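K.L.:
here is my input, please return the structure:
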Amino acid sequence: MTRAINPHLAYGRDPSGRDPSGGDNISLAEAVVAGLTHPVIALDEQDQLVFVNTAAEEFFKASRGILEGMPLSGFIDADHAIFGMIKRSRNSRASVSDQGLDITSPRLGHRLVNIQVSSLHGAGLPQVVVIALQERALAERLRGQEMFRGAARSMTSLSALLAHEIKNPLAGIRGAAELLQQGEGVDAGERQALTGLIVAETDRIAALLTRMEALAGGKAIDRHPVNIHEVIDHCIRLAENSFGKNRTIMSRFDPSLPATEGDRDLLIQSLLNLIKNACEATDNNGTILISTSYNLGARLSVADEGSRLIAPLVVEVTDNGVGISPELRAHIFDPFVTDKSNGSGLGLALVASAIADHGGTIDVSSRPGETSFRIGLPLAASSVGKSKKPAEQPIGQEMGS
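P.N.:
Model (predicted):
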């Protein structure tokens with residue numbers, strides 16, 4: 001039997017919340033959508049919000065009463081790819097989806113999401129588009145329920161994270177200060193380099209504290225063109241003066257790489273974490289190789305835009321240690337997951353969050369004798385559209401202690 005559909009159902013505004021035919025299907029449907037953990041919204045013909053679930057209220061940082069009736073362009077720039085997806089879904093009456101799209105605005109901060117757009121159509125239905133948003137997991141693992149489930153756990157986690165991240169630059173500062181204190185065998189040039197390192201790392205601690213303060217508010221990262229090779233060289237110098245003293249650290253760069261775009265201090269923090277983990281996974285004869293390359297195949301199909309490059313700059317940190325167990329590997333980026341007796345399990349969670357904030361990717365492969373963490377980073381805006389020819393032969397530089 002065909003039943004008439006109340007147009008208010010799609011909007012979530014039926015005054016009674018009940019099926020006009022006498023059933024409870026409307027309230028049940030709304031309850032199901034409201035209970036979803038991913039944001040779900042509905043737009044009318046003017047792209048105004050006519051329904052939001054509870055997760056969407058959290059995503060847009062406003063209540064349903066405020067959101068409903070507002071245009072989507074009030075939260076997301078009108079030239080964003082999501083509006084092309086909405087138009088295509090309406091015209092084709094089909095579902096359109098895309099993955100790894102950046103949503104950046106003063107109100108929302110920087111979010112990396114998967115998007116699915118579906119158009120409702122049929123007799124009696126209004127012209128409504130339903131949009132489901134799914135934030136990329138790596139960024140949310142650090143900031144989601146696991147880390148901030150209650151005030152006490154939040155404060156404990158944040159304190160542990162700060163202590164963990166401040167120890168790395170402090171180790172570099174201490175190592176440089178000890179060399180200066182010894183005095184003997186330190187020429188003027190080396191003394192200047194060591195004092196410069198101390199100043200730079202002190203500034204980075206201050207910037208880290210500022211970043212952690214802003215993290216709770218979802219503030220977007222401060223993006224600038226960054227030479228990733230300069231970042232890696234800085235991390236190697238720090239490692240050689242602290243936790244990497246008894247390791248062989250080598251670099252192999254593609255010298256023709258363009259700049260990436262992001263926060264230099266966050267990238268240093270992330271790579272330093274990976275290098276430290278690699279050093280801890282090896283013995284005194286361990287070798288760590290840091291290489292860069294350009295992934296020409298790093299493309300993503302985008303609705304109404306053809307294909308675009310996504311995170312084509314690759315940085316790989318490889319060690320010859322014992323490897324990661326398969327059981328741990330599946331959860332390696334989750335907070336509080338570690339196989340170290342005195343580890344906090346926060347270092348890799350922060351790395352995953354920082355790389356996701358940059359619109360990048362990270363993955364890991366491991367077997368006994370070889371573990372590689374592979375980071376993909378986007379191009380700086382000034383480099384987009386320029387041709388890139390990979391280096392015919394990467395230049396290798398050994399940087400051992």
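
K.L.:
can you pull out the helices in the stretch 301-401 of the chain?
P.N.:
326-329, 347-357 (DSSP state H, counting those that start in this stretch).

K.L.:
what about the residue nearest to Pro169 when sequence neighbours are not counted, how many neighbours?
P.N.:
Of all residues not flanking Pro169 in the chain, Glu201 sits nearest, at 4.0 Å (Cβ to Cβ, 6 or more residues apart in numbering). Using the backbone N, CA and C atoms, a C-beta is placed for each residue, glycine as well. Using other Cβ atoms under 10 Å, the number of residues around Glu201 comes to 22.

K.L.:
need the pLDDT of Glu201.
P.N.:
Here, the pLDDT recorded for Glu201 equals 85.

K.L.:
can you check Gln46 too?
P.N.:
90.

K.L.:
and stretch 296-304, average pLDDT?
P.N.:
Rounded mean pLDDT across stretch 296-304 is 51.

K.L.:
try stretch 314-331
P.N.:
Here the average pLDDT along stretch 314-331 is 87.

K.L.:
and if you look at stretch 72-84?
P.N.:
For stretch 72-84, the per-residue pLDDT averages 87.

K.L.:
tell me which residues in that stretch are buried?
P.N.:
Residues of stretch 72-84 classed as buried by neighbour count (16 or more other Cβ atoms under 10 Å): 72, 75-76, 80-84.

K.L.:
now do the helices in this protein.
P.N.:
8-11, 25-34, 54-60, 64-67, 81-92, 137-143, 151-182, 188-215, 228-240, 264-280, 326-329, 347-357 (DSSP state H).

K.L.:
quick one: closest of these to Leu120.
P.N.:
Leu120 lies closest to helix 8-11 among those, at 5.7 Å (Cβ to Cβ).

K.L.:
give me the below-cutoff pLDDT ranges for the stretch 201-350 of the chain.
P.N.:
Along the stretch 201-350 of the chain, the model assigns pLDDT under 70 to residues 208, 210-220, 297-310, 335-346.

K.L.:
let's go with 90 and repeat that
P.N.:
201-223, 240-246, 256, 266, 269, 280-281, 283-286, 294-312, 322-350 (pLDDT under 90).

K.L.:
show me the domain layout of the chain.
P.N.:
The record's domain parsing of the chain by automatic domain parsing lists 8-135, 143-398.

K.L.:
reformat the helices of the chain as a markdown table; add distance to Asp363.
P.N.:
Below are the helices of the chain laid out as a markdown table (distance: least, Cβ to Cβ, whole Å):
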| stretch | distance to Asp363 |
| --- | --- |
| helix 8-11 | 39 |
| helix 25-34 | 33 |
| helix 54-60 | 26 |
| helix 64-67 | 36 |
| helix 81-92 | 24 |
| helix 137-143 | 10 |
| helix 151-182 | 22 |
| helix 188-215 | 24 |
| helix 228-240 | 18 |
| helix 264-280 | 12 |
| helix 326-329 | 10 |
| helix 347-357 | 10 |
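
K.L.:
which among the ones you listed is found nearest to Pro312?
P.N.:
Set against Pro312 and scored by Cβ to Cβ, these come closest in helix 228-240, at 11.9 Å.

K.L.:
buried ones in the closest one?
P.N.:
Buried residues in helix 228-240, counted by 16+ other Cβ under 10 Å: 228-229, 231-240.

K.L.:
before we move on, what about stretch 47-56?
P.N.:
47-53, 55-56.

K.L.:
show me the contact partners of it.
P.N.:
For stretch 47-56, contacts defined as Cβ atoms under 8 Å, 6 or more residues apart in numbering pick out 10-13, 33-44, 60, 64, 67-73, 83, 86, 128-129, 133.

K.L.:
rerun at 7 Å
P.N.:
With Cβ atoms under 7 Å, 6 or more residues apart in numbering as the contact definition, stretch 47-56 has outside contacts at 11-12, 33-34, 36-44, 64, 67-73, 86, 128.

K.L.:
next one: stretch 173-181
P.N.:
In contact with stretch 173-181 (Cβ under 7 Å, 6+ apart) are residues 186, 191, 194, 197-198, 201-202, 241-242.

K.L.:
give me the buried entries from these.
P.N.:
194, 197-198, 201, 241-242.

K.L.:
now those residues in a markdown table, with distance to Ala354?
P.N.:
Formatted as a markdown table, the buried ones among the contacts of stretch 173-181 follow (distance: Cβ to Cβ, whole Å):
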| residue | distance to Ala354 |
| --- | --- |
| Leu194 | 27 |
| Leu197 | 22 |
| Ile198 | 24 |
| Glu201 | 18 |
| Asn241 | 23 |
| Ser242 | 21 |
